[in-house]
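1. starting from these lines, generate the structure:
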Amino acid sequence: MFIIISFLLLSFSIFFLFYFFKPKYPKKISRLPPGPKGLPLVGNLHEFDPVHPHLYLHKLAKKYGPLMSMRFGFRPAIVISSARVAKIAFKNNDLTLAGRPTLIGLQKYSYNGHDITFSNYNDTWRELRKLSVIHLFSTKQVVSFYPIRRDEVSRMIKDMIKKSDSPEEINLSHAAFFLVNRIICRAGFGTNYDELGERRFDEVFKESQELAGAFYFGDFFPLLGWIDKLNGMSSRLDKNFRVLDDFYQGLVEDHLDPNRPESMKGDILDLMIKLKQDQTASVPIKWENVKGILMNVFVAGTDTSASTIVWAMTVLIKKPQTMKKAQEEVRYVVGTKGNVDEDDIQKLPYLKAIIKETLRLFPPVPLSVPRETLEKCTIDGYEIPAKTMVYVNTHAIGLDPEYWENPNEFMPDRFLNTTIDYKGQDFGLLPFGSGRRGCPGMNLGIATVELALANLLYSFDWDLPHGMKEEDVDMEVSPGLATSKKNDLCLVGKCYEYYK
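-> A predicted model of the protein is given here:
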């Protein structure tokens, strides 16, 4: 009986929506980009792959072109899938493309758009962005956290050395995840991750990644939000958010304690609280802004850095000659010193090339968090209406054959003797976005990836578990906003002689 009633309600709602709340499009748009023809009301949602949307959209782009027009329910959208179109779009329309659509999952985790990453373009966002660049994630601040990165990378390597004396496999996926979380906890909140009950939070953060990018009926059909409650998505989202909110609130209260430990002085949260209390910003900073930025640092920053480390090691174990070349470089530079420090990193061009190539093939966010046009604009000769969602398929751009030679091959050498970088000015490589919406925490994440990967390559000779071959290493991706490896990467590490 419940199923019958639900079906009748759904049918009535769709009928009501279709006849009384049809999507309103500008009447005279003669130059929309090409794209797949959608069905009435649902548009292209029926054929959308919610698990790996970047793959689905890349396939469509090969048929309809690098600038596609689509419709997801009541929301018009465009998808950018090539370096050429990305350059046209962001060189000429960066401000127009700086908006964010109001999406249920992203709104929930961002405290209704009070953060930096998911907030709409407004005065508060501009001020928070400026403060993040000048104070929270400045080069000076990133350098000041080096002792934390050094300590935690050293701890990870020592733990691995204990396992290298036995045939026990090393789970690099777990090691990278906990490494990044420990660094973020200490640099961001002055707290040891181990004290938080790391196993419990492991599952919480994985679920938050999944729920942030999940499909919600209410996003695309305004009157069908009740289905999200019926299917349990709303309750899952609320429950996960409450756990994270309690966590953030506890951190804030700890930092407000005048007797707080020294480790909580000078971290990112401490700086945010001082900015709020000093009232020096041009707009008032609320506690929702503070906790929203905490979410950006912790949830958005963890999987992106950890996944880059894991994907780099995954590809290198399948490319033994490339790994050998990288190890020879780092061991030549470091010699018998016993560990890689950040002064050594600038002398490791091949390591940096490996990281760039990893970001090209496995961008941390393969399909960008959608933007939204603030007003009508023109891209590559096509007219794009206001309030149109804009997706940048960084996965497809990294495989653009017009920009990259042999785009499907892992070839770090392509980045040697070239100025191509990942900072948003080279539009064939946009792992951290570009322009106003570029990731402000990029340097903090890259510093962790470089130091961790360099020490992994220096400290161990890596091999596959007994009986495994290179072709047995899978490349499956987990669902969610980030490109995380679905199955853990487990390798056997033999301690390098100079490190003993």
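2. quick one, helices of the stretch 351-500 of the chain?
-> 394-398, 442-459 (DSSP state H, counting those that start in this stretch).
3. can you give me how far the shortest one is from the chain middle?
-> On the basis of Cα atoms, centre = their mean, to the nearest Å, helix 394-398 sits 14 Å off its chain's mean C-alpha point.
4. now it: buried residues?
-> By neighbour count with 16 or more other Cβ atoms under 10 Å, helix 394-398 contains the buried residues 394-398. C-beta coordinates here come from the backbone N, C-alpha and C atoms, glycine included.
5. now do it: everything it contacts.
-> 54-55, 57-58, 61, 66, 80-83, 86, 359-361, 363, 365-368, 403-404, 407, 427-431, 483 (Cβ atoms under 8 Å, 6 or more residues apart in numbering).
6. what residues of stretch 233-240 count as buried?
-> Burial within stretch 233-240, assessed by neighbour count using 16+ other Cβ under 10 Å, is assigned to 233-234, 237, 240.
7. ok, now stretch 329-339?
-> Applying 16+ other Cβ under 10 Å to stretch 329-339 flags 329-331, 333-334, 339 as buried.
8. before we move on, back to that, would you reformat the helices of the stretch 351-500 of the chain as JSON lines and include mean pLDDT?
-> Below are those laid out as JSON lines (pLDDT from 0 to 100):
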{"stretch": "helix 394-398", "mean pLDDT": "97"}
{"stretch": "helix 442-459", "mean pLDDT": "96"}
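9. of these, flag the one that's most buried.
-> Mean neighbour count (mean count of other Cβ atoms under 10 Å) peaks for helix 394-398 among those, with a mean of 26.
10. any weak-confidence spans in the stretch 1-150 of the chain?
-> Applying pLDDT under 70 to the stretch 1-150 of the chain flags the ranges 1-30.
11. where along it do the helices fall?
-> Under DSSP H, counting those that start in this stretch, the stretch 1-150 of the chain gives helices at 2-20, 53-64, 83-93, 104-109, 123-131, 139-144, 146-164.
12. mind putting these into JSON lines with mean neighbour count and distance to Tyr216?
-> Formatted as JSON lines, the helices of the stretch 1-150 of the chain follow (neighbours: other Cβ atoms under 10 Å; distance: least, Cβ to Cβ, whole Å):
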{"stretch": "helix 2-20", "mean neighbour count": "11", "distance to Tyr216": "15"}
{"stretch": "helix 53-64", "mean neighbour count": "17", "distance to Tyr216": "14"}
{"stretch": "helix 83-93", "mean neighbour count": "20", "distance to Tyr216": "27"}
{"stretch": "helix 104-109", "mean neighbour count": "21", "distance to Tyr216": "4"}
{"stretch": "helix 123-131", "mean neighbour count": "18", "distance to Tyr216": "23"}
{"stretch": "helix 139-144", "mean neighbour count": "14", "distance to Tyr216": "35"}
{"stretch": "helix 146-164", "mean neighbour count": "17", "distance to Tyr216": "36"}
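13. want to throw those helices into JSON lines with distance to Ile345?
-> Output for these, formatted as JSON lines (distance: least, Cβ to Cβ, whole Å):
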{"stretch": "helix 2-20", "distance to Ile345": "55"}
{"stretch": "helix 53-64", "distance to Ile345": "30"}
{"stretch": "helix 83-93", "distance to Ile345": "27"}
{"stretch": "helix 104-109", "distance to Ile345": "33"}
{"stretch": "helix 123-131", "distance to Ile345": "27"}
{"stretch": "helix 139-144", "distance to Ile345": "12"}
{"stretch": "helix 146-164", "distance to Ile345": "11"}
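14. closest one to Val42 among those helices?
-> Proximity to Val42 (Cβ to Cβ) singles out helix 2-20 among the helices of the stretch 1-150 of the chain, at 8.9 Å.
15. how far off centre is stretch 438-458?
-> The answer for stretch 438-458 is 14 Å, by Cα atoms, centre = their mean.
16. list the buried residues of the helix or strand hosting Glu210.
-> Under the criterion of DSSP states H and E, Glu210 resides in helix 198-212. Of the residues in helix 198-212, 198, 201, 204-212 count as buried by neighbour count, 16+ other Cβ under 10 Å.
17. what's the farthest-apart pair in the buried residues of stretch 329-339?
-> By the measure Cβ to Cβ, Glu329 and Asn339 form the most distant pair in these, at 15.6 Å.
18. count of residues packed around Asn406?
-> Asn406: 9 surrounding residues under other Cβ atoms under 10 Å.
19. got a list of what the residue nearest to Trp404 when sequence neighbours are not counted touches?
-> Computed as Cβ to Cβ, 6 or more residues apart in numbering, the closest residue to Trp404 that is not its neighbour in sequence is Gly428, at 6.4 Å. Residues near Gly428 by Cβ under 8 Å, 6+ apart: 83, 360, 397-398, 400, 403-404, 420.
20. same thing with Asp165?
-> Cys495.
21. with Pro33 instead?
-> Counting by Cβ under 8 Å, 6+ apart, the residues that Pro33 touches are 64-65, 67-69, 78, 379-380, 382, 384.
22. could I get those residues as CSV with distance to Ser173?
-> Formatted as CSV, the contacts of Pro33 follow (distance: Cβ to Cβ, whole Å):
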residue, distance to Ser173
Tyr64, 36
Gly65, 37
Leu67, 36
Met68, 34
Ser69, 38
Ile78, 35
Ile379, 39
Asp380, 40
Tyr382, 42
Ile384, 40
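23. nearest to Asn92, of those residues?
-> Nearest to Asn92 among the contacts of Pro33, with distances taken as Cβ to Cβ, is Ile379, at 7.7 Å.
24. ok, that closest one to Val85 distance?
-> To Val85, Ile379 is 7 Å away according to Cβ to Cβ, to the nearest Å.
25. list residues touching both of these two?
-> Residues touching both Ile379 and Val85 (Cβ under 8 Å, 6+ apart) are Leu67.
26. from Leu95, how far out is Ile116?
-> Distance, Ile116 to Leu95, using Cβ to Cβ: 17 Å.
27. before we move on, back to that, tell me which of the buried residues of stretch 233-240 fall in helices.
-> Of the buried residues of stretch 233-240, the ones assigned to helices by DSSP state H are 233-234, 237, 240.
28. closest to Thr314 among these?
-> Closest to Thr314, out of all of these and judged by Cβ to Cβ, is Asn240, at 28.0 Å.
29. OK, contacts around the closest one?
-> Each residue near Asn240 by Cβ under 8 Å, 6+ apart is listed here: 204, 207-208, 211.
30. identify, from the residues you listed, the entry nearest to Asp488.
-> For the contacts of Asn240, the nearest to Asp488 is Glu207 (17.3 Å; Cβ to Cβ).
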